[in-house]
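Peer 1: My questions are about this predicted structure, shown below with the sequence.
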Amino acid sequence: MNPKQTDRRGFLKNSAALAGLAVGASASALPAVAAEPPLEKIDELHLYGERSHFVTSVRNGSINNPERRLKDEQVAFGLRTPMQDSVGMITPASLHFTISHGFEPPDIDPQEHHLLIHGMVDRPMIFSVDEIKRLPFVTRFHFVECHGNSSPRGPGGDARVSPNATPQETHGFTSCSQWTGVLLSTLLKEVGVHKDATWIIAEGADEPKHSKSIPIGKAWDDALVAYGQNGEPVRPEQGFPLRLIVPGWQGINNVKWLRRIDLVDEPYMAMMETSRYPSMRLDGKSRWFEFELGPKSVITRPAGGYKMPGPGFHEITGLAWSGAGAVKRVEVSTDGGRTWKDATLHDPIARKAHTRFSAPWTWDGNECVLQSRCTDETGTVQPTVAQVAKIWNADVDFLKQTQQVVGDFNAIQPWKVNRDGSVQNAIF
Amino acid sequence: MRFSKILAAGIFLLGANMALAQTQTYSNIGRTPTKEEIAAWDISVGPDGKGLPEGHGTSKEGAPIFAAKCAVCHGAHGEGGKIGPRVVGGIADTETLTTLHPVRTVGGYWPYATSVWDFIRRAMPRGQSGTLTPNEVYALTAFILYKSNIIKEDDVLDQKTLPKVQMPNRNGFVPPRYADIPDEHKRGCTQGVCP
């Protein structure tokens, strides 16, 4: 920051304080807004633009780089999107969540990168990134969400259940982008898939060569090999130069730095799908290969961490999404779930994408609980915590106490507004 | 005339279902990789052992490799350390799967020995992944499985024996049949959670 900026901030602060003194301590009296506040200028235009230095919203971290941890250095290795600051339905690529499973993202030269498609095919083929870009493409809005997002105990640890949790801590492991790329089906037709190929193995070029088995039906349906994200190349943390997007399915399927697709006739039982991502039943059995994410929504403002400026009008806003398709309806309750009103859904409303919703509200200054509830195009309604417990064949205490990730936890998120205007997480 | 009509209808049907036709459509995009290229890239290993390379190893051979390359993160006996999780485990860990603190060790939770081999080969040791020889990977897999009381110290793991190793939690996953996995609607999954 240059000294001029510091001076300006100091000046504004001081003049606000002076104005406050001048009108006394009356709560209703506000400092007059200057007709022409001091006008600072940005010194030069940037070849790659920057946001205002007054905007400070950033991701926050939860998982530490293991090597740094050995040296007792705390370095974030899983980063949550600041949902509370979001507007519209797109997540800036720079704020897209990431979970690195302990490995750094690779720094890939796109000229050196290739995609190999082989296995049970007529014509194994290898494509350069430029060749992929010459093919017919699609541009689609899709969210990517970690299956542990919003879980009582998830990749973010205990922060999610803290009364002070913000939407970033409760729901920050989902993000939505406009992805541009080639439908995987286009590439599969080029190689000629054998009839008895029933699964694909998608593999990344990162150090651990993350691999994931995906049923072939999804590969033919709407999976895409993306090279573009929000109007620019996919960012390195998001899989540059190629990322497999598997719309509506658990994030782990969306293989970053995609380098190989192997057509096979059974799941290959990779580490993540057999040891990390199965969800545990109470009888000790594990459900493996859960894919599609259920309907979910969260009010992003007013929400945890927000301070109501006082009684009066406040448009409630949030995000809703479903792995099954489009969001059909979002309802908002301001009385703890006794009554619900339809919220407005804002364009674009796309399948398997975040959808922005809003609803008008006038706060009377009393304690209340704000909630949103999403219904998707299949008619599936977002459940309450008690209903989630029932699906898990458990009680709410189990959800409160378990130390494991409760995968696909999509319960309605209540935010409690206190009389002093503070807003708190009221999930339990 | 009649023949050409039938032919035209046939071509129309082919065009209507590209997924069945699957002919190469786009000229001069992509190339055929050599067999050597595919072999060098292809590190897939299936649960039945498909893709496993030649080679062999025992726990005794694995012990010094583990000490040199793995213990720094996973502990001298695979008990886990500040960086790496516990890798040695066994039947006792399956008892924890019904509790609030389920323990998912390689020995106690993972359903397939081939997944152990595959993950060590592709991802370990962190910072030097891809440097282990097939023999070293067989030996390290044997070391972990021996320490987990799943195989004997002298058992030789190779292309044939590794897929036959019975992991303690092999039957702990639903649905058990691969063919039943893909269709979540038939499985009765709801809200992303399957029965």
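Peer 2: Structure's in. What do you need? Numbers count the residues shown, from 1 in each chain, chains lettered A, B, ... in the order given.

Peer 1: Could you use CA atoms for every contact and neighbour count after this?
Peer 2: Will do.

Peer 1: tell me which residues in stretch B:129-138 are buried?
Peer 2: B:129, B:130, B:132, B:134, B:135, B:136, B:137, B:138 (16 or more other Cα atoms under 10 Å in any protein chain shown).

Peer 1: Need the three-state assignment for residue 38.
Peer 2: If you meant another chain, say so; for now it's chain A. coil (DSSP: H, G, I helix; E, B strand; the rest coil).

Peer 1: wait, I meant chain B there
Peer 2: Residue B:38 is classified as helix under three-state DSSP.

Peer 1: again, but for residue B:128
Peer 2: Of the three states, residue B:128 takes coil under three-state DSSP.

Peer 1: how would you label residue A:189: helix, strand or coil?
Peer 2: With three-state DSSP as the basis, the three-state label of residue A:189 is helix.

Peer 1: Can you tell me how far it is from chain B?
Peer 2: For residue A:189, the distance to chain B equals 4 Å [Cα to the nearest Cα, to the nearest Å].

Peer 1: just checking, that residue touches residue B:22?
Peer 2: Yes: judged on Cα atoms under 8 Å, residue A:189 makes contact with residue B:22 at a distance of 4.2 Å.

Peer 1: before we move on, back to that, when you check chain A, which of the buried residues of stretch B:129-138 turn up near it?
Peer 2: Restricting these to those near chain A by Cα under 8 Å from any Cα of the partner chain leaves residue B:129.

Peer 1: which one of the buried residues of stretch B:129-138 sits closest to chain A?
Peer 2: Using Cα to the nearest Cα, residue B:129 comes nearest to chain A of the buried residues of stretch B:129-138, at 6.5 Å.

Peer 1: contacting residues around that closest one?
Peer 2: A:207, A:208, B:121, B:122, B:123 (Cα atoms under 8 Å, 6 or more residues apart in numbering or on different chains).

Peer 1: ok, back up a step: out of the buried residues of stretch B:129-138, which are inside helices?
Peer 2: Counting by DSSP state H, the buried residues of stretch B:129-138 place B:134, B:135, B:136, B:137, B:138 in helices.

Peer 1: Thought residue B:51 was touching the first one, still the case?
Peer 2: No: under the criterion of Cα under 8 Å, residue B:134 lies out of contact with residue B:51, with a separation of 11.8 Å.

Peer 1: Tell me the spatial nearest neighbour of the residue nearest to the spatial centre of chain A, not counting adjacent residues.
Peer 2: Taking Cα atoms, centre = their mean, the centroid of chain A lies closest to residue A:174, which sits 1.4 Å from it. Spatial nearest neighbour of residue A:174, excluding adjacent residues (Cα to Cα, 6 or more residues apart in numbering or on different chains): residue A:145 at 4.1 Å.

Peer 1: Now for the one you found, how many residues are close by?
Peer 2: The tally of other residues near residue A:145 (other Cα atoms under 10 Å in any protein chain shown) stands at 26.

Peer 1: For residue B:125, see how far away it is.
Peer 2: Counting by Cα to Cα, to the nearest Å, the gap from residue A:145 to residue B:125 is 29 Å.

Peer 1: swap in residue A:120?
Peer 2: Residue A:120 is 31 Å from residue B:125, by Cα to Cα.

Peer 1: between the two, which one's more packed in?
Peer 2: Neighbour totals were compared for residue A:120 and residue B:125, and residue A:120 leads with 21 against 18 (other Cα under 10 Å).

Peer 1: Do I have it right that the more buried one meets residue A:264?
Peer 2: Yes: using Cα under 8 Å, residue A:120 makes contact with residue A:264 at a distance of 6.0 Å.

Peer 1: residues shared between the contacts of the two?
Peer 2: residue A:197.

Peer 1: can you pull the contacts of whatever residue of the stretch 301-428 of chain A ends up closest to chain B?
Peer 2: In the stretch 301-428 of chain A, no residue comes nearer to chain B than residue A:402, which is 4.6 Å away by Cα to the nearest Cα. Shown in contact with residue A:402 (Cα under 8 Å, 6+ apart): A:153, B:100, B:101.

Peer 1: Check the spacing between it and residue A:153 real quick.
Peer 2: 7 Å.

Peer 1: ok, now residue A:202?
Peer 2: To residue A:153, residue A:202 is 28 Å away according to Cα to Cα.

Peer 1: Just give the nearest non-adjacent residue to residue A:203, would you?
Peer 2: Nearest one to residue A:203, counting by Cα to Cα, 6+ apart, is residue A:211 at 4.3 Å.

Peer 1: Just give me the neighbour total for the one you found.
Peer 2: Using other Cα under 10 Å, the number of residues around residue A:211 comes to 27.

Peer 1: The one residue in chain A that gets nearest to chain B: neighbour count?
Peer 2: Residue of chain A nearest chain B, by Cα to the nearest Cα: residue A:208 (3.7 Å). Residue A:208: 24 surrounding residues under other Cα under 10 Å.

Peer 1: Spatially nearest residue to it, not counting backbone neighbours?
Peer 2: Distances taken as Cα to Cα, 6+ apart put residue B:123 closest to residue A:208, at 3.7 Å, once the chain neighbours are dropped.

Peer 1: Got phi/psi on the closest residue in space to residue B:155 that isn't next to it in sequence?
Peer 2: Nearest residue to residue B:155 in three dimensions, chain neighbours excluded: residue B:58, at 6.0 Å (Cα to Cα, 6+ apart). As for residue B:58, its main-chain torsions (degrees, to the nearest 10) stand at phi -120, psi 170.

Peer 1: Who are the contact partners of residue B:58?
Peer 2: So residue B:58 contacts B:138, B:139, B:140, B:142, B:143, B:153, B:154, B:155, B:156, B:157 (Cα under 8 Å, 6+ apart).

Peer 1: and the first one, how far is that from residue A:363?
Peer 2: Taking Cα to Cα as the criterion, residue B:138 is separated from residue A:363 by 66 Å.

Peer 1: In chain B, which residue sits closest to chain A?
Peer 2: At 3.7 Å from chain A, residue B:123 is the closest residue in chain B, using Cα to the nearest Cα.

Peer 1: Roughly how far does the residue of the stretch 301-428 of chain A closest to chain B sit from residue A:324?
Peer 2: 28 Å.

Peer 1: Could you do residue B:71 as well?
Peer 2: Distance, residue B:71 to residue A:324, using Cα to Cα: 44 Å.
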